[in-house]
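> Provided below for reference: sequence and predicted model.
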Amino acid sequence: FVRDPIGYRHDEHNEMDQPRFTQPIMYKKIQSMKRIYDKVIDKFVAEKVYSKEEIDKLAKDVMSGFEEGFAKSKNMSFKWEEWRPKVSYRYPLPFEGLKITGVHVDKLKELNEKINVIPKEYNAHPLVRKVYETRYKTIKDGFGIDWATGEALAWATLLNDGHHIRLSGQDVQRGTFSHRHSYLHNQEKDEVYVPLKNISRDQGQFNAINSSLSELAVLGFEIGYQYADPNSLVMWEGQFGDFANGAQIMIDQYVASGEAKWGVQNGIVLLLPHGYDGQGSEHSSARLERYLQLCDDDPYSCRLVGHLNRETNWQVINCTLPSNYFHALRRQIRRDYRKPLIVMSSKRMLRLREATSSLEEFGEGKRFRVIIPDSGKGIDEPKKIEKLILCSGQVYYDLLKARTDLKKKNISICRVEQIAPFPVRQILEQFDLHPNARVVWCQEEHFNMGAWSFVEPRANKMLEHTGRRISYVGRASSASPAAGFVKIHEAELASLLEEAMQQFEKILSLIHISEPTRPERISYAVFCLKKKKKT
């Protein structure tokens with residue numbers, strides 16, 4: 001049997017609505033029908049469940065309660081304390097101590113024995129076992145720790161402190177790019193071994209759930225879970241960053257604006273794979289610009305004091321080191337408040353040898369770095385620097401390679417790891433440290449995408465007293481997030497590296513690009529530069 005119930009509204013949608021405008025015949029019939037409320041009352045009275053007097057008294061009591069509550073509401077004041085999430089810690093720490101997210105190296109090595117050692121008798125896939133052996137060795141040796149290993153260390157330390165961890169999304173147990181392998185499947189029988197569930201007897205719960213492609217529903221559930229348990233690290237990962245499109249309603253209505261509307265904080269973490277690697281346009285961009293546009297960080301205040309992270313609606317980061325990602329996840333739990341964290345997670349850096357960390361960077365006394373200034377090795381002293389490049393994410397490694405290959409000593413590269421809220425004090429220190437440098441923002445995204453529109457007004461406000469202005473280096477404007485064709489991608493990359501380094505022809509030879517095909521599809525800047533014309 002199939003039942004197809006039809007619901008209807010007896011009266012109009014609101015005071016200004018009149019359903020007879022569009023449905024006159026249907027609403028003529030509806031208005032002649034007895035209300036459901038009255039039908040139920042007649043049924044109860046006829047079956048002697050309640051008497052008419054009992055029902056009238058109940059209705060009067062309910063309405064009196066409504067009226068009384070409405071009258072009280074006119075004189076009530078909102079009390080933030082009643083709505084603030086109850087954040088607790090296993091070990092009481094002062095606020096300053098909460099900021100320090102590093103863990104003693106001995107503890108990390110102890111956890112390494114738990115999370116990166118697969119029992120010999122367990123029949124894991126040979127390639128997965130090799131991955132775990134490599135992770136174990138990098139922690140033991142103290143260098144070469146990659147992205148997945150840093151993530152596992154962050155989880156292990158939090159689990160060891162008694163916090164629960166939830167991760168959901170498509171293929172999150174293995175990782176979309178086959179890098180995580182948090183659940184190990186026996187190759188001979190239907191059995192699963194999870195190292196992160198075998199740390200200690202009193203550890204927190206770890207659950208990684210391979211969810212369906214219903215991003216709206218899955219993210220909505222995880223947001224609700226985080227509201228209910230603010231002391232758990234709750235994460236949702238898009239298979240690719242653009243998969244968040246399917247959950248945009250939840251992001252707009254709850255993640256970005258929930259605290260502003262209802263006064264309730266939420267610490268949900270969104271992991272969004274992002275990065276231009278010459279692949280398809282749909283899977284290259286996590287739409288960084290959307291999250292920055294939704295940030296309530298004031299571009300013209302540029303405050304040097306105050307708790308910016310505490311006072312803005314969320315945080316947007318694009319890390320370049322596994323250790324900084326480690327600290328970002330631990331910072332999310334060790335605070336005495338909760339804010340959503342949007343993570344632009346690179347695909348290329350998962351296996352990029354340069355994008356690894358030493359064990360000391362995870363160690364005691366260390367914390368999340370909102371910017372990572374140039375180390376200064378191999379370049380001129382700050383006052384002789386002619387160009388200061390600010391960038392974020394994996395494009396840093398392209399810039400670093402180009403500077404090294406071209407032996408440019410007059411260029412300093414500063415990584416902005418946290419884009420929002422904008423790290424005003426730290427970046428202002430870089431501006432003052434390089435008084436003679438032209439300031440540039442370099443991004444791999446197109447001009448109308450990425451962080452440029454967010455960075456520009458803030459940087460120019462900070463540069464007002466110096467007479468300088470920040471300039472843009474990156475791809476030209478585009479409707480599509482990426483070219484989706486490797487040769488065009490490489491030509492565009494060569495263009496932005498040339499503008500950053502001012503050595504276009506040498507860049508072309510370094511990355512082995514011949515004459516680009518179909519120049520009409522290449523950005524105008526690339527085409528002009530290839531023909532040795534000025535743009």
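Nice, I can see it. This structure is a prediction, so every number in the text was calculated from the model and none was measured. Numbers count the residues shown, from 1 in each chain.

> could you pull out the strands for this protein?
With DSSP state E, the ranges of strands along the chain come out as 165-169, 184-185, 192-193, 206-210, 233-237, 269-273, 315-317, 341-345, 371-372, 387-391, 411-416, 418-420, 438-446, 471-475.

> Tabulate those strands (JSON lines), appending mean neighbour count.
Using the backbone N, CA and C atoms, a C-beta is placed for each residue, glycine as well. What follows is those, written out as JSON lines (neighbours: other Cβ atoms under 10 Å):
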{"stretch": "strand 165-169", "mean neighbour count": "23"}
{"stretch": "strand 184-185", "mean neighbour count": "19"}
{"stretch": "strand 192-193", "mean neighbour count": "12"}
{"stretch": "strand 206-210", "mean neighbour count": "17"}
{"stretch": "strand 233-237", "mean neighbour count": "26"}
{"stretch": "strand 269-273", "mean neighbour count": "24"}
{"stretch": "strand 315-317", "mean neighbour count": "24"}
{"stretch": "strand 341-345", "mean neighbour count": "25"}
{"stretch": "strand 371-372", "mean neighbour count": "17"}
{"stretch": "strand 387-391", "mean neighbour count": "23"}
{"stretch": "strand 411-416", "mean neighbour count": "24"}
{"stretch": "strand 418-420", "mean neighbour count": "25"}
{"stretch": "strand 438-446", "mean neighbour count": "22"}
{"stretch": "strand 471-475", "mean neighbour count": "20"}
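
> Mind putting these into JSON lines with distance to residue 293 and mean pLDDT?
JSON lines is the format used below for the strands of the chain (distance: least, Cβ to Cβ, whole Å; pLDDT from 0 to 100):
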{"stretch": "strand 165-169", "distance to residue 293": "24", "mean pLDDT": "96"}
{"stretch": "strand 184-185", "distance to residue 293": "41", "mean pLDDT": "94"}
{"stretch": "strand 192-193", "distance to residue 293": "41", "mean pLDDT": "94"}
{"stretch": "strand 206-210", "distance to residue 293": "30", "mean pLDDT": "95"}
{"stretch": "strand 233-237", "distance to residue 293": "20", "mean pLDDT": "96"}
{"stretch": "strand 269-273", "distance to residue 293": "15", "mean pLDDT": "95"}
{"stretch": "strand 315-317", "distance to residue 293": "10", "mean pLDDT": "97"}
{"stretch": "strand 341-345", "distance to residue 293": "12", "mean pLDDT": "95"}
{"stretch": "strand 371-372", "distance to residue 293": "21", "mean pLDDT": "97"}
{"stretch": "strand 387-391", "distance to residue 293": "19", "mean pLDDT": "96"}
{"stretch": "strand 411-416", "distance to residue 293": "17", "mean pLDDT": "97"}
{"stretch": "strand 418-420", "distance to residue 293": "10", "mean pLDDT": "96"}
{"stretch": "strand 438-446", "distance to residue 293": "14", "mean pLDDT": "95"}
{"stretch": "strand 471-475", "distance to residue 293": "17", "mean pLDDT": "94"}
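
> In CSV: those, plus distance to residue 247.
As requested, the strands of the chain are arranged in CSV below (distance: least, Cβ to Cβ, whole Å):
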stretch, distance to residue 247
strand 165-169, 10
strand 184-185, 28
strand 192-193, 27
strand 206-210, 15
strand 233-237, 8
strand 269-273, 9
strand 315-317, 16
strand 341-345, 12
strand 371-372, 30
strand 387-391, 28
strand 411-416, 26
strand 418-420, 19
strand 438-446, 21
strand 471-475, 27
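
> for the ones you listed, which one sits closest to residue 68?
Set against residue 68 and scored by Cβ to Cβ, the strands of the chain come closest in strand 233-237, at 38.3 Å.

> Spatially, what comes nearest to residue 49 if we skip its sequence neighbours?
residue 43 (8.0 Å; Cβ to Cβ, 6 or more residues apart in numbering).

> The one you found: how many residues sit nearby?
10 (other Cβ atoms under 10 Å).

> cool, and the one 10 residues further on?
Residue neighbour count, defined by other Cβ under 10 Å, stands at 9 for residue 53.

> Also residue 81?
Residues lying near residue 81 (other Cβ under 10 Å) number 5.

> if I look at it, how far off is residue 263?
10 Å (Cβ to Cβ, to the nearest Å).

> Please apply the same query to residue 339.
For residue 339 relative to residue 263 (Cβ to Cβ), the value is 14 Å.

> Mind checking which of these two has more residues around it?
For residue 339 and residue 263, the more surrounded residue by other Cβ under 10 Å is residue 339, and the numbers stand at 19 against 13.

> wait, the more buried one sits on residue 311?
No: assessed by Cβ atoms under 8 Å, residue 339 is found out of contact with residue 311, at 9.6 Å.

> Residue 328 is in contact with residue 316, isn't it?
No: under the criterion of Cβ under 8 Å, residue 328 is not in contact with residue 316, lying 11.0 Å apart.

> and the most centrally placed residue in the chain, bridged to which residues?
Central residue of the chain (Cα atoms, centre = their mean): residue 342, 1.8 Å from the mean position. Beta bridges link residue 342 to residue 270, residue 316 when assigned by DSSP bridges.

> residues contacting it?
270, 272, 291, 314-317 (Cβ atoms under 8 Å, 6 or more residues apart in numbering).

> Columns distance to residue 450 on top of the residues you listed, output as a markdown table?
Shown next, in a markdown table, are those (distance: Cβ to Cβ, whole Å):
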| residue | distance to residue 450 |
| --- | --- |
| 270 | 17 |
| 272 | 13 |
| 291 | 11 |
| 314 | 18 |
| 315 | 17 |
| 316 | 11 |
| 317 | 14 |
